[in-house]
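> predicted model, plus sequence, below.
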Amino acid sequence: MIHTYSGETISFDIVYKKRKSMSISINLYGEIEVQAPKGTSEESVLQSVEGKWDWIQQKLKEMQARSQGPKKKVYDHGERFLYLGNEYPIQVSQDITIKQDYVLFEEGRLQIVVKQLEDEKVKQALKRFYYQKCKSLVERSIQSHQSNFKIKPRSIRITDNNSNWGTCDFKQQLTFNWKLAMAPQQVIDYVVIHEMCHMVHLNHDRSFWRLVGKIMPNYKEQENWLALSSWKMTV
């Protein structure tokens, strides 16, 4: 079905099922599907779609941006970076008296203070900030979920490994990608739980996923966030 609303036109499929309410989903290819209870009128379906119009448009814009890949960052006032799932503008200032460049998250901004106003200095200050925040966030999450496990991690490291969000080896040594600090807390918790479960089950067998699901029943939502949003986690 093709429908125009608020100056925008979309196409979507309607699937009638034995269910009590309507749901709208968009897959990785931008295809929209409306699942509706059997007997639902077309007018009711359109009302439901229009009620979610802003959400639909936002998701379609995100998918278009994702297909184009991350844009090159500018290390100047107003450029936005992810932190705990939200994008915040940076504000850069110079202070030649400081011993080390640093970043503070204050008043909805990432305040970056550097000795030299150079892009690379700003970039490295941001990376250091994410490393430090990731370590504290991960440690706090591990402590929060430790009661679910009899085994404790032997060590916790933050790394620059772009091929994994986290790893656990046979010695119960956990490593995590520093970019996790850009993700929502629930996503960080999922990655932590995932790796802690590997302390019990080293592979991804049924027992492993059963344990993950027992601790975090909605873990697939967190996996979905990473699948859809990891391309934006750049510095």
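Good, I have the coordinates. Since the structure is predicted, the reported quantities are computational estimates derived from the model, not experimental observations.
> contacts for the helix-or-strand element of the chain with minimal mean pLDDT, please.
The helix or strand of the chain with the poorest confidence is helix 53-68; it has a mean of 81 (mean pLDDT, DSSP states H and E). When contacts are defined by Cβ atoms under 8 Å, 6 or more residues apart in numbering, helix 53-68 is touched by residues 5-6, 8, 10, 24, 26, 28, 30, 32, 49, 228, 231-232. C-beta coordinates here come from the backbone N, C-alpha and C atoms, glycine included.
> which parts of it are buried?
In terms of neighbour count (16 or more other Cβ atoms under 10 Å), helix 53-68 has its buried residues at Ile56, Lys59, Glu62, Met63, Arg66.
> now do the fourth one against Lys127, distance only.
Using Cβ to Cβ, to the nearest Å, one gets 28 Å for the distance from Met63 to Lys127.
> ok, back up a step: let's have the buried residues of helix 53-68 in TSV, adding distance to Phe208.
TSV is the format used below for the buried residues of helix 53-68 (distance: Cβ to Cβ, whole Å):
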residue	distance to Phe208
Ile56	35
Lys59	31
Glu62	31
Met63	31
Arg66	29
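> tell me who's in contact with Met196.
Ile142, His145, Gln146, Asn148, Phe149, Pro153, Cys168, Leu174.
> quick check: mean pLDDT of the helix or strand it falls within?
Taking DSSP states H and E as the criterion, Met196 maps to helix 185-197. Per-region confidence: helix 185-197 scores 97 on mean pLDDT.
> buried stuff in it?
Residues of helix 185-197 classed as buried by neighbour count (16+ other Cβ under 10 Å): Val187, Ile188, Asp189, Tyr190, Val191, Val192, Ile193, His194, Glu195, Met196, Cys197.
> now swap in stretch 130-147 and tell me
Buried residues in stretch 130-147 (16+ other Cβ under 10 Å): Tyr130, Lys133, Cys134, Lys135, Leu137, Val138, Ser141, Ile142, His145.
> equivalent analysis for stretch 169-179, please.
Buried residues in stretch 169-179, defined by neighbour count with 16+ other Cβ under 10 Å: Gln172, Leu174, Thr175, Phe176, Asn177, Trp178, Lys179.
> which pair in those spans the largest distance?
Gln172 and Lys179 (23.1 Å; Cβ to Cβ).
> which ones are touching Asn148?
Applying Cβ under 8 Å, 6+ apart, we find Asn148 in contact with Ile193, Met196, Ile215.
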